[in-house]
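Trainee: Pasting a predicted model and its sequence here:
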Amino acid sequence: MASASNGFEAKLRDVGNRLLHPPSSADELLPLLEKAESYLAKVEQQPCMSTKIALSTLMEALVADQILKHGNGDVKVSAVACISEITRITAPDAPYDDNQMTEIFRLTVASFENLSDMRSPCYSKAVSILKSVATYRWCLVMLDLECDRIIIDMFQLFLNVIRSDHPEEVFSAMETIMTLVIDESDYVSIELLSPILATVRKDNKNVSPICWRLGEKAITNCAAKLRPYLMEVVKCLGTRLSDYAPAVATICQNESNTRQYNLNVSGSRAHLVAKVFSEDVVCPREVGPSGEESLKSMICNDASQTKKDTFIDYNSFDRLNQRSTRKKLLVETADKPVKITQKRSWKPYFLVNPEEGYDYCWIGRRKRANPRKIITEASSI
């Protein structure tokens, strides 16, 4: 068994060395990439150290400019198919650095163009790559690397190339990828949501039923995430809810009901706070026979002054809790008062107020502090 393993590792080293100095002709290069892919498909996840060493030259060769920037499109797709296998082998760790992975993702999305033609020689490779992106969740690494433009292009490409004669695994993989990206995004931009909404317009249902179905699936799967965004995007596009699939109107109606409920709750809280302070802080001044205020009046006045000193806001129940915490901290460190600052949380771009210092033009997203890793086990698509 050891000799068989050594023989296989020798094949990996050999194909890696040959690709490190590849032939310029696509006719000669493509069979070499086919052989590399077939070898890589036989390597298990987390291989032994000797196999990892045998793989190193091949991994280096596949991201060289001679291959990734080759003029032949089939060569690029074959290279991405090989890298897809390498990503499976090295999971949960990404096999390359951030810049290399970004370029790989760009070529990955470009390879999906081959899904539009089931007779294309690269169609089966494109399907295999698509399933890998869904199964091993490459798309979440795209989010971590802030490949926003690549993700938008991928969504638009899915909606353009999906066909009714595609096997169910193609539709399912696209649905999985779109759902994962939307649910895990820090925010949903109008650029990402607009093409999805465009596919579920009522006048498109008969034009491309399968495209309509994919868009509707993505929206309904991510209803909770999209609820705060849909109505605003519809307004920005200058359309009406009646122009879209019923699911869109249902989600927006739920959002409207939620906002009304929150307004009612806020009003009730404000009334409750006003009542609490009217009963707790304001008390009648009692004057004794000598014309001096009673002890009860003095205590009430001191309590009122203490609340002013700790900046309690009478108009906000939520901020009252925050100030109470601050008051507690100040009491515990009476000899050295500490000023507690509240970090301003991020808001979606259509929910911010200019008077609070927000800029409508800023729609950036910070890189995640703890980037996701590629999952190690294939999940059902």
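Mentor: Noted; the coordinates are in hand. None of the values given here were measured: they were computed from a predicted structure.

Trainee: show me what contacts Asn114?
Mentor: By Cβ atoms under 8 Å, 6 or more residues apart in numbering, Asn114 lies in contact with Val77, Ser120, Cys122, Tyr123, Lys125, Ala126. Glycine gets a C-beta too; all of them are placed from N, C-alpha and C.

Trainee: Name the SS class of the first one, please.
Mentor: Each residue gets one of three states, and Val77 gets helix by DSSP: H, G, I helix; E, B strand; the rest coil.

Trainee: ok so, going back, Throw the contacts of Asn114 into a markdown table and include pLDDT and neighbour count, thanks.
Mentor: Formatted as a markdown table, the contacts of Asn114 follow (pLDDT from 0 to 100; neighbours: other Cβ atoms under 10 Å):
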| residue | pLDDT | neighbour count |
| --- | --- | --- |
| Val77 | 97 | 25 |
| Ser120 | 91 | 15 |
| Cys122 | 95 | 20 |
| Tyr123 | 96 | 16 |
| Lys125 | 96 | 22 |
| Ala126 | 97 | 25 |
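
Trainee: For the residues you listed, please prepare a markdown table with the additional fields secondary structure.
Mentor: Formatted as a markdown table, these follow (three-state DSSP):
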| residue | secondary structure |
| --- | --- |
| Val77 | helix |
| Ser120 | coil |
| Cys122 | coil |
| Tyr123 | helix |
| Lys125 | helix |
| Ala126 | helix |
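
Trainee: now the stretch 151-300 of the chain, which segments are flagged as low pLDDT?
Mentor: Along the stretch 151-300 of the chain, segments meeting pLDDT under 70 span 254-300.

Trainee: Between the contacts of Asn114, which sits nearest Phe8?
Mentor: Comparing these against Phe8 with Cβ to Cβ picks out Lys125 as the nearest, at 22.8 Å.

Trainee: quick one: contacts for Asn160?
Mentor: Here Asn160 is in contact with Ser116 (Cβ under 8 Å, 6+ apart).

Trainee: does it sit in a helix or strand, and which one?
Mentor: Here Asn160 sits within helix 148-161, counting by DSSP states H and E.

Trainee: Tell me the first helix or strand C-terminal of that helix.
Mentor: That would be, after helix 148-161 and using DSSP H and E, helix 168-184.

Trainee: And that following helix, what does it pack against?
Mentor: Under the contact criterion of 3 or more Cβ pairs under 8 Å, 6 or more residues apart in numbering; DSSP states H and E, helix 168-184 touches helix 123-135, helix 138-144, helix 148-161, helix 209-221, helix 223-236.

Trainee: got the contact list for stretch 64-73?
Mentor: 19-20, 22, 24, 26, 29-30, 33, 61-62, 75-76, 79, 103-104, 107, 122.

Trainee: repeat that with 6 Å
Mentor: Here stretch 64-73 makes contact (Cβ atoms under 6 Å, 6 or more residues apart in numbering) with Pro22, Ala26, Ala79.

Trainee: For Ile129, give its distance to Met101.
Mentor: Ile129 sits 14 Å away from Met101, going by Cβ to Cβ, to the nearest Å.

Trainee: and the end-to-end length of stretch 107-116?
Mentor: 16 Å (Cα to Cα, to the nearest Å).

Trainee: same thing with stretch 199-210?
Mentor: OK, stretch 199-210 end separation, Cα to Cα: 10 Å.

Trainee: Which parts of that stretch count as buried, going by neighbours?
Mentor: Residues Thr199, Val200, Arg201, Asn204, Ser208 are the ones in stretch 199-210 that count as buried (16 or more other Cβ atoms under 10 Å).

Trainee: and what of stretch 37-45?
Mentor: Buried residues in stretch 37-45, counted by 16+ other Cβ under 10 Å: Glu37, Tyr39, Leu40, Val43.

Trainee: Would you agree the last one is in contact with Ile89?
Mentor: Yes - the pair Val43 and Ile89 qualifies as a contact (Cβ atoms under 6 Å) at a distance of 5.2 Å.

Trainee: isn't Leu40 right up against Glu85?
Mentor: Yes - the criterion here is Cβ under 6 Å, and Leu40 meets it with Glu85 at 3.7 Å.
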